[in-house]
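> got a predicted structure plus its sequence, pasted below:
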Amino acid sequence: MCREAFGCRGTGVDAIRFRTKNHLALVEIQMSEGSRVVPPGSITLTVDENLKRDNLAGMIPADLTEAVLAGETITSADALDVLALPDSQTLALVLDVSRIRRRHFQDRVKLNFLINVKSGLCPEDCHYCSQSSLSTAPIHRYAMLPTDTILEAAGIAKATGAKRFCMVASGRGPTARELDRFTISVAAVRDRYPDLEICACLGLLRDGQADRLRESGVYAYNHNLNTSSDNYGEICSTHTFGDRVDTVKRATGAGLSACSGALFGMGETDEQIVAVGLALRELKPDSVPINFLVSIDGTPLQGENQLTPHRCLRILALYRLLFPDVEIRIGAGRETHLRSLQSLGLLLANSIFVGDYLTTKGQAAQADLDMIADLGLRVEGADETTLPKHRNLEVTLKTGVLS
């Protein structure tokens, strides 16, 4: 599906355009005396890469958007072209790809509220995380919160307009005792706020644990892949990319809605950004959080700041192209890296976290609500279905501990 447009110097040719139809490329050569079509394979061209880069942007967004709207999937080559667009073309990309978001999610923005039910004390060595065994960041560390505190947070989530309540616990994975305490709290939240979706994030799951979560009233399970398989060893050595994939599969196998995304800004290449997106696509998640590294002093990645607002927008546009009818959520780092362009991110994503993150402060909830309203968008209601009808996950939530 690769489309290219560029000029050719010193050849007597004004422009060359590749057009694709049913994967058959036609080359149209525009010369001063007119145009003619050259059959595939009958001409060899040497491309000036600078000219290609400068002019490629004029065609890619519209062509790829139309293809995705028509039901096609983009290739890794297409994805790399999107990431390579210059800053001068980022706004055009955002506006065009936003048509996909509008097609599937109209004017709705889903709000998600996060609570860190267990903080720090983690044996894993994830380089980006302030809760890891390597971190010396002065964060608040505590064991599993009591149910009353979690219920208080759920009440704040509800009052803020959040539809999903994300309960996150640090650690490699839950112990039997932690899972017991967690499921008791889930049942309490479901009893008091039955229309709140509960998403659990407890690390790597063992046999039977996903079923326990589902039975207690958990709707979704979050476990991000974070980066590509070939880069994973650079950010963590205590578990593998495959371990993360296995946990997502355990969650979906138990009937939980899969929530899995990635974290950018850790030194990954364009190829690795694309690779993790394609790996996620194979898992068929219902929601894909896009996080941007918040560099925290005391972590191995302190001082990393490789992102710009335009690069973040191109990544969001790419993931909307990869996941046209999936909930794309802007997660951590939007305030830091999108900065004054945060609102443009919501032309691509249809979901955000409102309030604070795991160990860092977020933007004030009212500022998020104002941003949504200023864009002419609205908060998705509890009685509205997030995903398009053809993607609805048939999950029946329990109304109590035993029913």
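That came through, no problem.
> ok, and what's touching the helix or strand Y319 falls within?
For Y319, the host element (DSSP states H and E) is helix 309-322. If you take CB atoms under 8 Å, 6 or more residues apart in numbering as the criterion, helix 309-322 is touched by 61, 64-65, 68, 73-74, 78-79, 82-83, 85, 87, 90, 93-94, 97, 100-101, 264, 273-274, 277-278, 280-281, 288, 290, 292, 328, 330, 334, 337-341, 344-345, 348-349. Backbone N, C-alpha and C define where each C-beta goes, glycine included.
> just the buried ones from those?
61, 64-65, 68, 74, 78-79, 82-83, 85, 90, 93-94, 97, 100-101, 264, 273-274, 277, 280-281, 288, 290, 292, 328, 330, 334, 337-338, 341, 344-345, 348-349 (16 or more other CB atoms under 10 Å).
> pLDDT of the strand ranked longest in the chain, averaged?
When the chain is parsed with DSSP state E, its longest strand is strand 108-118. Mean pLDDT, strand 108-118: 95.
> coming back round to it: quick one: which of the buried ones among the contacts of helix 309-322 sit in strands?
Using DSSP E, the buried ones among the contacts of helix 309-322 in strands are F264, V288, I290, F292, I328, I330.
> bridging residues for the fifth one?
Beta-bridge pairing for I328 (DSSP bridges): V288.
> report pLDDT for it.
98.
> from what I see, it and A349 are in contact.
Yes - counting by CB atoms under 8 Å, a contact exists between I328 and A349, whose distance comes to 4.3 Å.
> and for those two, which residues touch both?
What both I328 and A349 touch, as defined by CB under 8 Å, 6+ apart, is the set R101, I290, L316, R320.
> give the contact list for the first one.
If I follow you right, that is R101. Contacts of R101 (CB under 8 Å, 6+ apart): R320, I328, L347, L348, A349, N350.
> rebuild the residues you listed as a markdown table, extending it with distance to V248.
Listed next are those as a markdown table, based on distance: CB to CB, whole Å:
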| residue | distance to V248 |
| --- | --- |
| R320 | 20 |
| I328 | 17 |
| L347 | 28 |
| L348 | 23 |
| A349 | 20 |
| N350 | 21 |
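> between all of these, which two are separated the most?
I328 and L347 (11.1 Å; CB to CB).
> S343: what's it in contact with?
So S343 contacts M371, D374, L375 (CB under 8 Å, 6+ apart).
> and the first one, that's in a helix?
Spelled out, it's M371. Yes - according to DSSP: H, G, I helix; E, B strand; the rest coil, M371 belongs to a helix.
> mind starting the numbering at 537 from now?
All right, first residue 537 from here; so that's M907.
> and stretch 741-756, how far apart are its ends?
13 Å (CA to CA, to the nearest Å).
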